[in-house]
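Peer 1: what follows is a predicted structure for the sequence shown.
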Amino acid sequence: MGFLNKLFEKKRPTPLNNEKNHLKENSISRVTFGEATKILKFRKESEIRFQNQVIFLKTAIKESKYPSLNVFSMRKSKPTASFENLIVISGDKKNFRPMDNITSEEILQRVHPGKKMEDIWSDGVISDTADPGCVITDIGPFNNLRDEIKHALYSINEVLQEVKIEEKVATSIKCSNCGITLLVDTDVEIQYKSPMGSIDYIAERQRATDAVGVKCVLCNKGFCLACMKIYGKPHPQSGGLACLDCGGQLTQYRP
Ligand SMILES: [Zn+2]
Ligand SMILES: [Zn+2]
């Protein structure tokens, strides 16, 4: 497939230094994904509900309804981001204790007198951990959004609460540079077979292509295509690009 072959071809121009530094500063988000994460998604037309929800959460946090969880409000910072605003809640599974309806309603009436729960609702909640009695059958959409956050398509708007949480133990290999979960080139090729599609499809395909992995034959570290395009330097013998860590030769990532 074209995009992977390019990685190994000769005489690939390397980006200018100032361009590299600019991208490096903006390319990795500091948001940590703990054992469990919930993301509230808001579209552009839901700005007021987003702001209402933030005010609601601030009071709930102050009254210890979200102990030991990170809560960030985030705003779209790149045009390819799927949503306008996000609220990311992350931490240990045991700390996710949903508020009962009476408590929620009581807080709502104090911070937004006369408003209904609908006035603070998001356009959807996505999580990597099922609520009791539920099963998550497809983790794909969550991972896509997580990768958008990791690749800094959103910037942190407000830190509502920050605690030290452990980054979730990897079940698949991640890019050693930016932490994105690596995809297999042939999987991406099959999933996005069609060359044409909606703007969303094209953007999604671009994100998947950027997450395609390569692996170093010397140190075994994996890197995503997006990082290789930005930071890759030529490998003197192969004519392709060299490992970002040890300078070794690269090959396709296979889990
Ligand atoms: Zn990367
Ligand atoms: Zn290496």
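Peer 2: The structure has been received and is ready for your questions. Numbers count the residues shown, from 1 in each chain. Ligands and ions are numbered 1, 2, ... in the order given.
Peer 1: so for the longest helix along the chain, mean pLDDT?
Peer 2: For the chain, the longest helix by residue count, based on DSSP state H, is helix 47-62. Taken as a whole, helix 47-62 has a mean pLDDT of 97.
Peer 1: need the contact partners of it.
Peer 2: Contacting residues not belonging to helix 47-62 are listed as 40, 42, 66, 71, 73, 84-85, 87, 99, 107-108, 110-112, 115, 119-122, 158, 160-161 [CB atoms under 8 Å, 6 or more residues apart in numbering]. Any C-beta I mention is one placed from the backbone N, CA and C, and that applies to glycine too.
Peer 1: just the ones in strands from those, please.
Peer 2: Among the contacts of helix 47-62, the members found in strands (DSSP state E) are 40, 42, 71, 73, 85, 87, 158, 160-161.
Peer 1: about what we covered before: from the contacts of helix 47-62, list just the buried residues.
Peer 2: Listed as buried from those are 40, 42, 66, 71, 73, 84-85, 87, 107-108, 112, 120-122, 160-161; burial here means 16 or more other CB atoms under 10 Å.
Peer 1: from these, pick the one nearest Ile199.
Peer 2: Of all these, Glu84 has the smallest distance to Ile199: 15.6 Å, by CB to CB.
Peer 1: the closest one contacts Ser73, correct?
Peer 2: No. Using CB atoms under 8 Å, Glu84 makes no contact with Ser73, being 11.5 Å away.
Peer 1: quick revisit: can you lay out the ones in strands among the contacts of helix 47-62 as CSV showing distance to Leu225 and pLDDT?
Peer 2: As requested, the ones in strands among the contacts of helix 47-62 are exported to CSV (distance: CB to CB, whole Å; pLDDT from 0 to 100):
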residue, distance to Leu225, pLDDT
Leu40, 30, 96
Phe42, 30, 97
Val71, 32, 96
Ser73, 30, 96
Asn85, 28, 98
Ile87, 30, 97
Glu158, 32, 94
Leu160, 34, 95
Gln161, 35, 95
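Peer 1: and those, which two are furthest apart?
Peer 2: Among the ones in strands among the contacts of helix 47-62, Phe42 and Gln161 lie farthest apart (CB to CB), at 18.6 Å.
Peer 1: near ligand 1, which residues of the stretch 101-250 of the chain show up?
Peer 2: 175, 177-178, 224, 227 (CB under 5 Å from the ion).
Peer 1: how does it look with 6 Å?
Peer 2: 175, 177-178, 180, 223-224, 226-227 (CB under 6 Å from the ion).
Peer 1: which of these are buried, as a PyMOL select command?
Peer 2: The buried residues among those can be selected in PyMOL (16+ other CB under 10 Å) with this line:
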select buried, resi 175+177+178+180+223+224+226+227
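Peer 1: now intersect the residues of the stretch 101-250 of the chain next to ligand 1 with the helices, please.
Peer 2: The helices, defined by DSSP H, take in 226-227 from those.
Peer 1: can the helix or strand hosting Thr251 be found next to ligand 2?
Peer 2: Taking DSSP states H and E as the definition, one finds Thr251 inside strand 250-252. No. Strand 250-252 stays clear of ligand 2 (CB under 6 Å from the ion), getting no nearer than 8.1 Å.
Peer 1: check stretch 231-241 too.
Peer 2: No. If you take CB under 6 Å from the ion as the test, stretch 231-241 misses ligand 2, and the best it gets is 10.4 Å.
Peer 1: how far does stretch 108-122 stretch from one end to the other?
Peer 2: The straight-line separation of the ends of stretch 108-122 (CA to CA, to the nearest Å) is 15 Å.
Peer 1: got a list of what the closest residue to Phe96 other than its chain neighbours touches?
Peer 2: Spatial nearest neighbour of Phe96, chain neighbours left out: Ala36 (5.7 Å); criterion: CB to CB, 6 or more residues apart in numbering. If a contact means CB under 8 Å, 6+ apart, then Ala36 has 90-93, 96, 127-129 as its contacts.
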